[in-house]
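> Can you look at this prediction? I've put the sequence above it.
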Amino acid sequence: MRTMSIGGCKYFITFIDDFSRKTWVYFLKLKSEALTYFKLFKKMVENQANYTLKTLRTDRGGEYCSNDFQTFFKGKRNTSSVNY
């Protein structure tokens, strides 16, 4: 977004369920907050649906290639994967 939101956010991240097409949008002040919001999203969805999130498909954005994201997924290797 070129214009900062009222809350001071410049970025947003969307998560879309491929099956239902349900969409969640989170507003970020910094791109580095992507992992924090992904963890919150993952926990919420897994608690509500009683299923484990298995795959994250991305647009090859740099926020998903950070060392923090890679470390997170290495710890979850048996349960999650990332498709770029």
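Right, received. Where do you want to start? Predicted model, so just to flag it, every value in this text is computed and none were measured.
> Then residue 48 would be within a strand, right?
No - going by DSSP: H, G, I helix; E, B strand; the rest coil, the assignment for residue 48 is helix, not a strand.
> And stretch 55-74, end to end?
Distance between the two ends of stretch 55-74: 13 Å, counting by C-alpha to C-alpha, to the nearest Å.
> With stretch 39-59 instead?
One end of stretch 39-59 sits 18 Å from the other (C-alpha to C-alpha).
> Just the pLDDT at the residue nearest the centre of the chain, thanks.
Centroid-nearest residue in the chain: residue 38, 3.3 Å away (criterion: C-alpha atoms, centre = their mean). What the model reports as pLDDT for residue 38 is 93.
> can you tell me how far it sits from residue 61?
Look at residue 38 and residue 61: by C-beta to C-beta, to the nearest Å, they are 12 Å apart. In short, each C-beta sits where N, CA and C put it, glycine included.
> and what of residue 33?
13 Å.
> same deal with residue 69?
10 Å.
> quick one: the strands in this structure?
Taking DSSP state E to define them, one finds strands in the chain at 11-16, 23-28, 55-57, 81-83.
> between those strands, which gets nearest to residue 48?
Across those, residue 48 has its closest neighbour in strand 23-28 (11.2 Å, C-beta to C-beta).
> Okay, now the sheet partners of the closest one, with direction.
strand 11-16 (antiparallel) (DSSP bridges).
> what bits of the protein have low per-residue confidence?
1, 76-84 (pLDDT under 70).
> which residues of it fall in helices?
For the chain, applying DSSP state H gives helices covering 34-49, 67-75.
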